[in-house]
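Asker: sharing a model that was predicted from the sequence below.
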Amino acid sequence: MQATSIVNIKKELKHKSPEELIELCLRLSKFKKENKELITYLLFESDDESGYIESIKQHIDSQFEVINTKSYFFIRKSVRKILTQTKKYIRYSQKKETEVELLLYFLQTLKGFKPSYKKSAQLQNLYNRQLVLIEKTVSALHEDLQYDYNLLLENL
């Protein structure tokens, strides 16, 4: 089966009644966990972005606490998993400020993590790639926000 374009989907959705739209959303949420998480964000958490950011920060902290530190293999694998989850939550929000805040927090947590990420070339590369991504994202923000975030970036 070939998926149709977003334009065609949008046109078709305009012809549906509110009840049919509710049924479509509920059916869509049953298929993938990500769909359900996105609908949860849009319905319940999008109004309180700062609360959403704090809950993601707590999630990042809890994930860093359970990392197996016996070898750098497990550390790398866990850190990549945490970063993937963080980026998924960033995609739900689609706000640049949220992206910068969460990635900055991720890097601050990684920087304070023991054993140090500096003993692994792969973790250093991951850290540096995220720094570049943050710098690129910050450059697209308002000047006042750029100044604030650049101060935080200097600490990293």
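Answerer: Looks like it came in fine. Residues are numbered from 1 along each chain as shown.
Asker: so how far is L38 from K14?
Answerer: For K14, the distance to L38 (CB to CB, to the nearest Å) stands at 21 Å. All C-beta atoms are positioned from the backbone trio N, CA, C, and that covers glycine.
Asker: and the two? Which one has more around it.
Answerer: Per other CB atoms under 10 Å, whichever of K14 and L38 has more neighbours is L38, with 16 against 7.
Asker: for S29, grab the count of nearby residues.
Answerer: The number of residues packed around S29, counting by other CB under 10 Å, is 16.
Asker: helix or strand for the closest residue to it other than its chain neighbours, which one?
Answerer: Nearest-residue entry for S29: K36, 4.5 Å, with adjacent residues in sequence omitted and distances by CB to CB, 6 or more residues apart in numbering. When secondary structure is defined by DSSP states H and E, K36 falls within helix 33-40.
Asker: packing partners of that helix?
Answerer: Under the contact definition 3 or more CB pairs under 8 Å, 6 or more residues apart in numbering; DSSP states H and E, helix 33-40 sits against helix 18-29, helix 72-93.
Asker: helices or strands next to the first one in the packing?
Answerer: For helix 18-29, the contact count by 3+ CB pairs under 8 Å, 6+ apart identifies helix 33-40 as packing neighbours.
Asker: report the buried residues of the helix it packs on.
Answerer: By neighbour count on 16 or more other CB atoms under 10 Å, the buried set for helix 33-40 is L38.
Asker: next, the angle from the next helix or strand after that helix to helix 72-93.
Answerer: In the C-terminal direction, the helix or strand that comes right after helix 33-40 (DSSP H and E) is helix 49-65. Angular relation of helix 49-65 and helix 72-93 on a 0 to 180 degree scale: 170 degrees, by axes from the mean of the first three to the mean of the last three CA atoms, to 10 degrees.
Asker: please renumber the chain so that the first residue is 44 from this point on.
Answerer: Taking 44 as the first residue, the last one we looked at is helix 92-108.
Asker: hmm, back to that, quick check: angle from the helix holding K79 to helix 61-72?
Answerer: Between the axis of helix 76-83 and that of helix 61-72 there is an angle of 140 degrees, by the same axes, to 10 degrees.
Asker: then helix 76-83 to CSV, C-alphas only?
Answerer: Output in CSV follows, covering the C-alpha atoms of helix 76-83 (Å, rounded to 0.1, in the frame of the first residue of the first chain):
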residue,chain,number,x,y,z
LYS,A,76,3.4,4.3,21.1
GLU,A,77,4.9,7.4,19.5
ASN,A,78,1.5,8.4,18.1
LYS,A,79,0.0,8.0,21.6
GLU,A,80,2.8,10.1,23.2
LEU,A,81,2.3,12.8,20.6
ILE,A,82,-1.4,13.0,21.1
THR,A,83,-0.8,13.1,24.9
